[in-house]
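# Sharing a model that was predicted from the sequence below.
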Amino acid sequence: MVVTDSAPLPPDHPDTETVAALRGGDADRFDDLVRELTPGMVRIARMYVSGALAGDVVQDTWLAVIDAIDTFEGRSSLKTWIYRILLNKVRTLATREARAVPVASLGADHDPAGPRLELVHEELGPGYWPAPPEPWETLGPERLERNEILDRIAEAIEALPTAQREVVELRDVQGWSASDTAEALGITDVNQRVLLHRGRQAIRKAVEEYLRAA
Amino acid sequence: MRPDQPAHTGCDIRCAEAIELVTLHLDDALDDRDRRLFERHIDACTGCTRYVAQIRQTIDLTRRVLEHMSVARHSQRTELRAAFVAKRRRSD
């Protein structure tokens, strides 16, 4: 099949082959992409709207992708482009739905940077560990091996302010690069890193508390 | 070095500053000056060495959260596949 009206991709674009397959009507490739990306997309959508609605908006996103794949110009990765469509849709929806305020933004933590570590050493003074953190292998070795720890981490992620949560989702849960993450969320690299830093600190703290309770 | 009292000999930054550089360090995005300051601090500090290890562990554990996610519902995928086939056929 020859598709004539499609936007050309830059040479060496990593998604050239996938985009050509989709434009050529390869339903198996489309299905593979839906399988690969949908779980992560639903997780992002759930930050803004309830479960059922999140599924709907992801479905809408895929329909938009089907319609718009010919216009994809390859200025970002295909995945980043799809996530931008999703975020546009879900953020618009969330502002329309009064009850669909991002859940995490209702938390007590109004400091977008999040809590900082309190470091004061008796002799060395402020800015130094009072004592080195205890290694997790000795703090709670059995708990470290349990799947329950993943539930605690999921809870800790849900409790993060939305901006931190989005970055942690993409970088650490879904394994995205720093640049793809910043691009999809429409934030700077520096901002991306600050949010990630605070998010990881909060999750580390939650893990430590869980292990300590052993 | 006693584990409860890091010597910090030759360090130009404190633990608080070193910790702020950890995310850049893990992304391999420190400039030369900061990399030197960071590495010199880590070499001398048990607390920050353990902290970096724990952030790495945090990242590894967080990555496993997704393994427990279900794939897209079958019915949803069937519907999307039908929409895809219908659209791409029209554009022939």
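That came through, no problem. Numbering: from 1, shown residues only, chains lettered A, B, ... in the order given.
# show me what contacts the residue positioned nearest the centre of chain B?
With distances taken as C-alpha atoms, centre = their mean, chain B has B:I59 as the residue nearest its mean C-alpha position (5.1 Å). For B:I59, the contacting residues are A:D172, A:R200, B:L26, by C-beta atoms under 8 Å, 6 or more residues apart in numbering or on different chains. Every residue, glycine included, has its C-beta placed from N, CA and C.
# Would you map the strands across chain A?
For chain A, the strands defined by DSSP state E occupy A:120-121, A:125-126.
# so can I have a markdown table of these showing mean pLDDT and distance to A:A68?
Listed next are the strands of chain A as a markdown table, based on pLDDT from 0 to 100; distance: least, C-beta to C-beta, whole Å:
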| stretch | mean pLDDT | distance to A:A68 |
| --- | --- | --- |
| strand A:120-121 | 87 | 55 |
| strand A:125-126 | 85 | 54 |
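# Put the alpha carbons of stretch A:32-52 into CSV.
What follows is the C-alpha trace of stretch A:32-52 in CSV, where atoms were taken according to Å, rounded to 0.1, in the frame of the first residue of the first chain:
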residue,chain,number,x,y,z
ASP,A,32,1.7,-4.7,19.8
LEU,A,33,2.1,-1.0,20.4
VAL,A,34,-1.3,-0.9,22.3
ARG,A,35,-0.2,-3.8,24.4
GLU,A,36,3.2,-2.2,25.2
LEU,A,37,2.0,1.3,26.0
THR,A,38,-1.5,1.0,27.4
PRO,A,39,-0.6,-0.1,31.0
GLY,A,40,1.7,2.9,31.5
MET,A,41,-0.8,5.3,29.9
VAL,A,42,-3.6,4.1,32.2
ARG,A,43,-1.3,4.7,35.2
ILE,A,44,-0.6,8.3,34.0
ALA,A,45,-4.3,8.9,33.2
ARG,A,46,-5.3,7.7,36.7
MET,A,47,-3.4,10.6,38.3
TYR,A,48,-6.1,12.9,36.8
VAL,A,49,-9.3,10.9,36.6
SER,A,50,-11.0,7.9,38.1
GLY,A,51,-10.3,4.3,36.9
ALA,A,52,-13.1,3.9,34.3
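# So what touches it?
With contacts defined as C-beta under 8 Å, 6+ apart, stretch A:32-52 is touched by A:18, A:22, A:53-55, A:57-58, A:61-62, A:78-79, A:82-83, A:86-87, A:90-91, A:93-94, A:97, A:100, A:102-104, A:162, A:165-166, A:169-170, A:173-174, B:66, B:69-72, B:76-77, B:80-81.
# Could you see whether chain B lies near stretch A:72-89?
No: on the criterion C-beta under 8 Å from any C-beta of the partner chain, stretch A:72-89 is out of touch with chain B, staying 12.7 Å away.
# so what's A:K89 closest to, chain neighbours aside?
The shortest distance from A:K89 to any residue other than its chain neighbours is 5.4 Å, reached at A:V57 (C-beta to C-beta, 6 or more residues apart in numbering or on different chains).
# Number of residues surrounding the one you found?
Per other C-beta atoms under 10 Å in any protein chain shown, the neighbour tally for A:V57 reads 23.
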